[in-house]
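Chemist: how would this look folded up:
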Amino acid sequence: MSSDVIMVIVVGTALAFDFTNGFHDTANVVATSISTGAARPSVAIGIASLLNFVGAFISISVAATVANDVVNAEVITPTIVFAGLIGAIAWNLVTWWFGLPSSSSHALIGGVVGSAVAAAGFDAIFAEGLVGKVLIPAVVAPVVAFLVAGLAIGLAYRIAGRQRPGPVTRGFRYGQIVSGGLLALATAPTTRRRRWA
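Modeler: Numbering: from 1, shown residues only. Below you'll find the predicted structure:
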């Protein structure tokens, strides 16, 4: 099979991963603004889609971390990228089906790491980068987010608790749309932002 055909297959698979990333994360992005009536479903999903698309062109951090700090770039081939994408797509579908919270970025990293180990052995992995850039943040981030969210809700109650309900409700509705948009921007797909091979 020619290298051009393989590249087309890999790019097609990357687009399929981006699609699963989108519908996997869209519910998280729009749930609050839709459930509270801050935005109609079509508007909320439209905003999320637009910002998710824009976000793909802003950050290359996930792809750069995998290519430079986690997996030896010299062993990365289109076949390894393809296998990693298939693993990430499968994980996205399984967690979506069972309603489990999951990170598409971590699924992609795990898929590429697993396929690199299968193809080239554990020497292809930078253990320090995997632990320091992936595993530790995966454990620390939810704890930090929990603490910051607790402080934020306490602060919001103190600020808004004595205000009139009308302005507070409007303010929180706009805030839900803005925060959902920022989440869409932050969860943008990253597979096409770097050439790995």
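Chemist: other SSEs contacting the helix or strand harbouring residue 143?
Modeler: Element membership of residue 143, judged by DSSP states H and E, is helix 136-160. Contacts defined by 3 or more CB pairs under 8 Å, 6 or more residues apart in numbering; DSSP states H and E place helix 136-160 against helix 165-186. Quick note: C-beta positions are derived from backbone N, CA and C, even for glycine.
Chemist: which regions of the chain sit below the pLDDT cut-off?
Modeler: The model of the chain has pLDDT under 70 over residues 1, 56-67, 188-197.
Chemist: Where is the longest helix in it?
Modeler: Longest helix in the chain, counting residues (DSSP state H): helix 3-35.
Chemist: Direction-wise, compare that helix with helix 165-186 and give the angle.
Modeler: Using axes from the mean of the first three to the mean of the last three CA atoms, to 10 degrees, the inter-axis angle of helix 3-35 relative to helix 165-186 is 170 degrees.
Chemist: distance between helix 3-35 and the chain's centre?
Modeler: 10 Å (CA atoms, centre = their mean, to the nearest Å).
Chemist: Flag every buried residue along that helix.
Modeler: Within helix 3-35, the residues scored as buried using 16 or more other CB atoms under 10 Å are 6, 10-11, 13-14, 16-18, 20-22, 24-26, 29-30, 32-34.
Chemist: and stretch 171-181, how far from the chain's centre?
Modeler: Counting by CA atoms, centre = their mean, stretch 171-181 is centred 20 Å from the centre of its parent chain.
Chemist: roughly how far apart are residue 8 and residue 166?
Modeler: If you measure residue 8 against residue 166 using CB to CB, to the nearest Å, the figure is 56 Å.
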